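Undergrad: the sequence and its predicted three-dimensional model are supplied below.
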Amino acid sequence: QVQLVESGGGLVQAGGSLSLSCAASGRTLSSYAVGWFRQAPGKEREFVAGNGFSTYYLDSVKGRFTISRDNAKNLIYLQMNSLKPEDTAVYYCAVREGMAVYRTSSAYGYWGQGTQVTVSS
(Lines give C-alpha, C1' and ligand atoms only; values in the text may rest on other atoms or scores of the structure.)
Protein backbone atom coordinates (compact mmCIF):
# COMPACT_ATOMS: atom_id res chain seq x y z
CA GLN A 1 0.00 0.00 0.00
CA VAL A 2 1.09 3.51 -0.80
CA GLN A 3 -0.36 6.57 0.88
CA LEU A 4 -0.09 9.93 -0.90
CA VAL A 5 -0.64 13.42 0.49
CA GLU A 6 -0.54 16.50 -1.73
CA SER A 7 0.24 20.03 -0.63
CA GLY A 8 1.00 23.40 -2.16
CA GLY A 9 -2.23 24.35 -3.87
CA GLY A 10 -3.78 27.77 -3.57
CA LEU A 11 -4.93 30.90 -5.33
CA VAL A 12 -2.65 32.67 -7.78
CA GLN A 13 -3.02 35.31 -10.46
CA ALA A 14 -2.61 34.45 -14.10
CA GLY A 15 1.05 34.36 -15.03
CA GLY A 16 2.07 33.30 -11.55
CA SER A 17 3.62 30.10 -10.26
CA LEU A 18 2.80 27.37 -7.79
CA SER A 19 4.71 24.34 -6.65
CA LEU A 20 2.84 21.20 -5.66
CA SER A 21 4.32 18.44 -3.56
CA CYS A 22 3.17 14.89 -2.95
CA ALA A 23 4.56 12.92 -0.04
CA ALA A 24 4.44 9.16 -0.32
CA SER A 25 4.59 6.63 2.48
CA GLY A 26 4.31 2.88 2.74
CA ARG A 27 6.58 1.99 -0.15
CA THR A 28 9.61 3.52 -1.79
CA LEU A 29 8.81 5.27 -5.06
CA SER A 30 11.91 4.09 -6.89
CA SER A 31 10.02 1.31 -8.69
CA TYR A 32 6.80 3.22 -9.35
CA ALA A 33 5.69 5.48 -12.16
CA VAL A 34 4.31 8.74 -10.81
CA GLY A 35 1.80 11.10 -12.29
CA TRP A 36 -0.17 14.29 -11.77
CA PHE A 37 -3.78 14.55 -12.88
CA ARG A 38 -6.32 17.33 -12.58
CA GLN A 39 -10.07 17.62 -12.58
CA ALA A 40 -11.98 20.82 -13.20
CA PRO A 41 -15.67 21.18 -12.26
CA GLY A 42 -17.88 19.34 -14.71
CA LYS A 43 -14.94 17.80 -16.53
CA GLU A 44 -13.25 14.44 -16.52
CA ARG A 45 -9.99 13.87 -14.72
CA GLU A 46 -7.11 14.45 -17.13
CA PHE A 47 -3.45 13.52 -17.22
CA VAL A 48 -1.10 16.45 -16.66
CA ALA A 49 2.37 14.94 -16.31
CA GLY A 50 4.02 11.62 -15.62
CA ASN A 51 7.46 10.25 -14.89
CA GLY A 52 8.78 6.73 -15.10
CA PHE A 53 11.04 5.36 -17.80
CA SER A 54 10.33 8.67 -19.57
CA THR A 55 8.56 11.92 -18.82
CA TYR A 56 5.34 13.00 -20.49
CA TYR A 57 3.17 16.11 -20.39
CA LEU A 58 -0.26 17.23 -21.48
CA ASP A 59 0.32 19.35 -24.57
CA SER A 60 -1.23 22.45 -23.02
CA VAL A 61 1.24 22.45 -20.10
CA LYS A 62 4.44 21.65 -21.99
CA GLY A 63 7.06 24.29 -21.34
CA ARG A 64 5.14 25.60 -18.31
CA PHE A 65 4.94 22.63 -15.94
CA THR A 66 7.75 20.38 -14.72
CA ILE A 67 7.34 17.07 -12.93
CA SER A 68 10.16 15.81 -10.74
CA ARG A 69 10.72 13.29 -8.00
CA ASP A 70 13.06 12.64 -5.11
CA ASN A 71 13.06 8.90 -4.51
CA ALA A 72 15.27 9.19 -1.44
CA LYS A 73 12.69 11.42 0.23
CA ASN A 74 9.67 9.75 -1.40
CA LEU A 75 8.47 13.06 -2.80
CA ILE A 76 6.87 14.01 -6.11
CA TYR A 77 6.76 17.59 -7.33
CA LEU A 78 4.90 19.60 -9.94
CA GLN A 79 6.31 23.04 -10.65
CA MET A 80 3.73 25.15 -12.45
CA ASN A 81 4.76 28.39 -14.12
CA SER A 82 2.92 30.88 -16.33
CA LEU A 83 -0.37 29.68 -14.92
CA LYS A 84 -3.58 30.33 -16.82
CA PRO A 85 -7.19 30.45 -15.63
CA GLU A 86 -7.84 27.21 -17.54
CA ASP A 87 -5.34 25.47 -15.23
CA THR A 88 -7.83 25.86 -12.40
CA ALA A 89 -8.68 22.41 -11.05
CA VAL A 90 -8.14 19.97 -8.23
CA TYR A 91 -4.74 18.41 -8.76
CA TYR A 92 -4.04 14.81 -7.76
CA CYS A 93 -0.83 12.85 -7.56
CA ALA A 94 -0.96 9.17 -8.39
CA VAL A 95 1.43 6.24 -8.59
CA ARG A 96 1.37 2.86 -10.26
CA GLU A 97 3.57 -0.19 -9.90
CA GLY A 98 6.19 -0.46 -12.58
CA MET A 99 7.86 2.34 -14.51
CA ALA A 100 5.56 2.64 -17.52
CA VAL A 101 3.65 5.91 -17.63
CA TYR A 102 0.02 5.83 -18.72
CA ARG A 103 -2.20 8.79 -19.44
CA THR A 104 -5.34 7.05 -18.22
CA SER A 105 -6.34 7.44 -14.58
CA SER A 106 -7.52 3.83 -14.35
CA ALA A 107 -3.91 2.66 -14.71
CA TYR A 108 -2.97 4.16 -11.35
CA GLY A 109 -3.75 2.29 -8.17
CA TYR A 110 -2.86 4.88 -5.57
CA TRP A 111 -4.13 8.43 -5.30
CA GLY A 112 -3.78 11.42 -3.06
CA GLN A 113 -6.76 13.39 -1.79
CA GLY A 114 -6.18 16.30 -4.15
CA THR A 115 -5.25 19.94 -3.73
CA GLN A 116 -7.12 22.90 -5.20
CA VAL A 117 -5.37 25.21 -7.63
CA THR A 118 -7.23 28.36 -8.61
CA VAL A 119 -5.85 30.81 -11.17
CA SER A 120 -7.58 34.17 -11.36
CA SER A 121 -7.62 36.29 -14.49
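TA: Here it is on my side, so go on. Here the structure is a predicted model, which means the values were calculated and not measured.
Undergrad: spatially central, which residue of the chain would that be?
TA: For the chain, residue 36 is the residue whose C-alpha lies nearest the centre (C-alpha atoms, centre = their mean; 2.2 Å).
Undergrad: that one should be in a strand, yeah?
TA: Yes: Residue 36: assigned to a strand according to DSSP: H, G, I helix; E, B strand; the rest coil.
Undergrad: for it, give me its contacts.
TA: Residue 36 makes contact with 20, 22, 47-50, 67, 76, 78, 91-94, according to C-beta atoms under 8 Å, 6 or more residues apart in numbering. Bear in mind the C-beta positions are built from the backbone N, C-alpha and C, glycine included.
Undergrad: can you show me the strands along this structure?
TA: Here the chain has its strands, by DSSP state E, at 3-7, 10-13, 18-25, 32-39, 46-51, 55-57, 65-70, 75-80, 89-97, 110-111, 115-120.
Undergrad: among those, which is nearest residue 104?
TA: If you check each of the strands of the chain against residue 104 by C-beta to C-beta, strand 46-51 wins as the nearest, at 7.4 Å.
Undergrad: next, the angle strand 18-25 makes with the closest one.
TA: If you take axes from the mean of the first three to the mean of the last three C-alpha atoms, to 10 degrees, strand 46-51 sits at 70 degrees to strand 18-25.
Undergrad: quick check: bridge partners of the residue nearest to residue 9 when sequence neighbours are not counted?
TA: With sequence-adjacent residues excluded and distances taken as C-beta to C-beta, 6 or more residues apart in numbering, residue 9 is closest to residue 115, at 3.4 Å. Beta bridges link residue 115 to residue 91, judged by DSSP bridges.
Undergrad: residue 115 reaches residue 6, doesn't it?
TA: Yes: between residue 115 and residue 6 there is a contact under C-beta atoms under 8 Å: 4.2 Å.
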